[in-house]
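Trainee: Build me a model:
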Amino acid sequence: MKNFKLSIISLAILGLVGCSDGDNGTNGTDGSNGADGLNSLILQTPLTVGDTNCPNSGVQIDSGLDNDADGSLSDSEIIATEYVCAAGVTSVSNSEILTTLNNDWFAAGEAEIETAKDVWASSISSATAKTAKTTITAKAASIESLRGQAKNVILFVGDGMGISTVTAARILEGQLNGNKGEENQLSFETFPFAGLAKTYNVDAQTPDSAGTMTAMMSGVKTDVGVIGVDEDIERGECSTVDGNELYTALELAEIAGKSTGIISTARITHATPAATYAKSADRNWEDISDIDTEEAEAGCIDIADQLVNFESILEAKIDDLDIDGIEVVFGGGRRHFLPNDADYNSADAVSTVEGDRTDGRDLTSEWQDIYPDGEYVMDQSGFEAIDTDSVEHVFGLFNESHMQYEADRGNDIAGEPSISEMTETAINILDNNDDGFFLMVESGRIDHGHHAGSAYNALTDTIAFSDAVAKAVELTDSSETLIIVTADHGHVFTIAGYPKRGNPILGKVVSVNSTEEATASDGMPYTTLGYTNGLGFRDLGTETDADETYTLAAAVGRQDLTDVDTSSSGFHQEALVPLGSETHSGEDVGVFASGPGALLINGTQEQNMIFHVMDFAADLTGAADAAVE
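Mentor: This next block holds a predicted model:
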């Protein structure tokens, strides 16, 4: 239950008229004091399924005058009551699954959309309670008219980009630009709408990327470690997938005739990108060698196989469906598409045998057979040769495993495009479709930098991610493109101590009004940034690959940093609890939005609501339904 009290300030901003105390005259003469204005309140109460007035759930909206000025509405003060009810599900179209529609998480997300619309309607209603009912109805109808206004949808996911990561990256970018840093803003922090998302999985307080990205892409929260399926799945049991699959925003966009694209700096078969297109009982089934014999014989299809055959798999689910497949795929993870045979090694293979597949299949060749006019690229030169005006499908796998950290990208053997370059090329290809597009862009290595305990790598990848968002804003029209920037989860990464304004964010703490490094109770200096757990301290000098930490034994606990350059690329912060890798956190993450439907991002919401915002903005479900009727 929420109370929304309309202040005179908010009314003035909106150009509405409110009553207040009269003034004491103008031009030097006394005037009469005016009477106190009316204190209008609007009270919204969520209704559960089974309510007498809204059998399928909804919101009860009471409006009235707070005569006793106690900040709430009693029954005697309520002037008008209105109900906004969720429509019941009476049929299932070919483009939807009964599992999704009847899922409690999905229904709750739909209800949150209605509540968000009501919040905006009530916040811009008249201050006069007598007209509140009419105004709310009109404003709600106005907001509903925004459904389907987004021709394009871009979802940016900074994997592991928790609140502390955003703050620290903001400061670092500002300092790299020669400023104190705290006053800086990352590109997406300028977006007009923002909120928080709760990241827990159905079975976990601290989540993983498979469950969180499934929530964002399907509107349904699910368990840790599973992709594109609901919570009734049993992880690792292939037979439990059937009947528990969920449709994703990307699939609905494909059915609706939009172009689609996936970008990740991680392996393209990794949990976050995989949740856009795959259904898997285990996020680790990236290729056939990852699936045990029993599960493989039961018919489990590995994630790489599902990506290459996405078009035929989706068409098989819906009668007479004819789609053209995912137009743009950029990322790492070549090893999951190539056979375990050195003859198939790419020019920049690091391993003696690059491919992992034990079924002898070369999925890159199979993709080329499916799309003979498409372009398969694996290095910077191939990427730069793409003709964005004419190419219809492009498949770019730029590394054997994950792509390089942004700071280490220059060391790649064959060269890799930046996340900003991949975003630009993808938009230029997808924008050729007059019906619009859906694009997901993941900065996967923010997460990996944190797991390695390297704030430097995590933050420099966050800045590169911000640049990619800026590029998308530059290339699209905000009146027809919804852009959402968020994270799947956070990390146990902290900004601590009492450093003075402008102190190097990667440096040691120097207190306010001091020029000397602060010392802890043990007499040693300490850094502003740190981790609660992980492998801990490293002093690797100019090393730009954070993953080098895994070749060394743990060095957790306090270290003497007196003579250590903590701002160097090879420095890894101290950790408190010794673990083989730093972990995720259970904190809420930021959600930043711009474009049609962005106003529905407000307050603290369930993470699966992000799907429902995208669905509302582009009317993906409605357009998909229409396409298959």
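
Trainee: rest of the way, CA atoms for contacts and neighbours
Mentor: Will do.

Trainee: right, and residue 571 touches residue 453 too?
Mentor: No: if you go by C-alpha atoms under 8 Å, residue 571 and residue 453 don't touch, sitting 9.0 Å apart.

Trainee: which of those two has more neighbours?
Mentor: residue 453 (33 against 27; other C-alpha atoms under 10 Å).

Trainee: What distance do you get for the more buried one to residue 446?
Mentor: From residue 453 across to residue 446, the span is 11 Å (C-alpha to C-alpha, to the nearest Å).

Trainee: okay, and the common contacts of the two?
Mentor: Contact criterion C-alpha atoms under 8 Å, 6 or more residues apart in numbering; residues shared by residue 453 and residue 446: none found.

Trainee: Can I get the one helix or strand residue 429 maps to as PDB, trimmed to CA atoms?
Mentor: Assigned by DSSP states H and E, residue 429 belongs to helix 419-430. Provided in PDB are the C-alpha atoms of helix 419-430 (Å, rounded to 0.1, in the frame of the first residue of the first chain):
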ATOM      1  CA  ILE A 419      31.600  -3.300 -27.400                       C
ATOM      2  CA  SER A 420      30.900   0.100 -28.700                       C
ATOM      3  CA  GLU A 421      31.900  -0.900 -32.200                       C
ATOM      4  CA  MET A 422      29.900  -4.000 -32.100                       C
ATOM      5  CA  THR A 423      26.800  -2.000 -30.900                       C
ATOM      6  CA  GLU A 424      27.200   0.500 -33.700                       C
ATOM      7  CA  THR A 425      27.500  -2.200 -36.400                       C
ATOM      8  CA  ALA A 426      24.600  -4.200 -35.000                       C
ATOM      9  CA  ILE A 427      22.300  -1.200 -35.000                       C
ATOM     10  CA  ASN A 428      23.300  -0.200 -38.500                       C
ATOM     11  CA  ILE A 429      22.300  -3.700 -39.700                       C
ATOM     12  CA  LEU A 430      19.200  -4.100 -37.700                       C
END
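
Trainee: So what's the residue count around the closest residue to residue 615 other than its chain neighbours?
Mentor: Take residue 615 and drop its neighbours on the chain: the residue closest to it by C-alpha to C-alpha, 6 or more residues apart in numbering is residue 621, 6.5 Å away. For residue 621, the count of nearby residues is 24 (other C-alpha under 10 Å).

Trainee: Equivalent analysis for residue 360, please.
Mentor: Using other C-alpha under 10 Å, the number of residues around residue 360 comes to 12.

Trainee: Nearest residue to it in space, please, no chain neighbours.
Mentor: Counting by C-alpha to C-alpha, 6+ apart, residue 360 lies nearest to residue 339, which is 4.9 Å off, once chain neighbours are set aside.

Trainee: Check residue 368 too.
Mentor: residue 374 (6.6 Å).

Trainee: right, and the one you found touches residue 390 too?
Mentor: No: judged on C-alpha under 8 Å, residue 374 makes no contact with residue 390 at a distance of 10.1 Å.

Trainee: Find residues that contact each of residue 571 and residue 453.
Mentor: residue 537.

Trainee: Surely residue 364 is in contact with residue 376?
Mentor: Yes: counting by C-alpha under 8 Å, residue 364 does reach residue 376; the two are 7.5 Å apart.

Trainee: So which bits of the helix holding residue 429 are buried?
Mentor: 419-420, 422-430 (16 or more other C-alpha atoms under 10 Å).

Trainee: Dump the helix or strand containing residue 112 to PDB, restricted to CA.
Mentor: Using DSSP H and E, residue 112 sits within helix 104-123. As requested, the backbone C-alpha atoms of helix 104-123 are provided in PDB (Å, rounded to 0.1, in the frame of the first residue of the first chain):
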ATOM      1  CA  ASP A 104       2.600 -16.400 -10.800                       C
ATOM      2  CA  TRP A 105       5.800 -14.400 -11.500                       C
ATOM      3  CA  PHE A 106       4.400 -13.500 -15.000                       C
ATOM      4  CA  ALA A 107       1.100 -12.400 -13.600                       C
ATOM      5  CA  ALA A 108       2.800 -10.400 -10.900                       C
ATOM      6  CA  GLY A 109       4.900  -8.600 -13.500                       C
ATOM      7  CA  GLU A 110       1.800  -7.700 -15.500                       C
ATOM      8  CA  ALA A 111       0.100  -6.400 -12.300                       C
ATOM      9  CA  GLU A 112       3.200  -4.300 -11.600                       C
ATOM     10  CA  ILE A 113       2.900  -2.700 -15.000                       C
ATOM     11  CA  GLU A 114      -0.700  -1.700 -14.200                       C
ATOM     12  CA  THR A 115       0.400  -0.300 -10.800                       C
ATOM     13  CA  ALA A 116       3.200   1.700 -12.400                       C
ATOM     14  CA  LYS A 117       0.800   3.200 -14.900                       C
ATOM     15  CA  ASP A 118      -1.500   4.100 -12.000                       C
ATOM     16  CA  VAL A 119       1.400   5.700 -10.100                       C
ATOM     17  CA  TRP A 120       2.000   8.100 -13.000                       C
ATOM     18  CA  ALA A 121      -1.700   8.700 -13.600                       C
ATOM     19  CA  SER A 122      -2.200   9.700  -9.900                       C
ATOM     20  CA  SER A 123       1.000  11.800  -9.700                       C
END
